[in-house]
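**Student:** below is the sequence, then the predicted model.
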Amino acid sequence: MKVIRVYTTYSYCVCTEVELPEDKSMDDIKDVGMYFGRGDIDFDDGSILKFEEEEYQFNSKRPNDIEWDDGGDWSFE
């Protein structure tokens, strides 16, 4: 049986609304980090606000790119 590899590339965006503390504004934000759906907002004064990304259902209907090749000398078996 002949095997080919199909590479499918997707990109997606998740928007999460995060309520800032009363005494903070956009101007107070030093950095925002995300790792596996968990975020930290680092403020100039050294304080940190932790938040979780809103749940997202990945849509695989429309990939950004599809490529394929002959699989070379190896297979996934």
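**Tutor:** Ah, there it is. What you are looking at is a predicted structure, and each value in this text was computed from that prediction instead of being measured. Numbering: from 1, shown residues only.

**Student:** can you pull out the strands in the protein?
**Tutor:** Chain-ordered strands for the chain, with DSSP state E as the definition, fall at 5-9, 29-35, 38-43, 48-52, 65-69.

**Student:** out of these, flag the one nearest Val18.
**Tutor:** strand 48-52 (4.8 Å; Cβ to Cβ). For glycine as for every other residue, the C-beta is placed from the backbone atoms N, C-alpha and C.

**Student:** what lines up beside that closest one in the sheet?
**Tutor:** Partners of strand 48-52 in the sheet, by DSSP bridges, are strand 38-43 (antiparallel).

**Student:** which residues sit against the strand it pairs with?
**Tutor:** 16, 18, 20, 24, 28-33, 48-53 (Cβ atoms under 8 Å, 6 or more residues apart in numbering).

**Student:** now the strands of the chain as a markdown table including mean neighbour count and mean pLDDT?
**Tutor:** Output for the strands of the chain, formatted as a markdown table (neighbours: other Cβ atoms under 10 Å; pLDDT from 0 to 100):
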| stretch | mean neighbour count | mean pLDDT |
| --- | --- | --- |
| strand 5-9 | 10 | 91 |
| strand 29-35 | 11 | 95 |
| strand 38-43 | 15 | 96 |
| strand 48-52 | 13 | 96 |
| strand 65-69 | 9 | 91 |
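
**Student:** with respect to Asn59, which of these lies nearest?
**Tutor:** strand 5-9 (12.6 Å).
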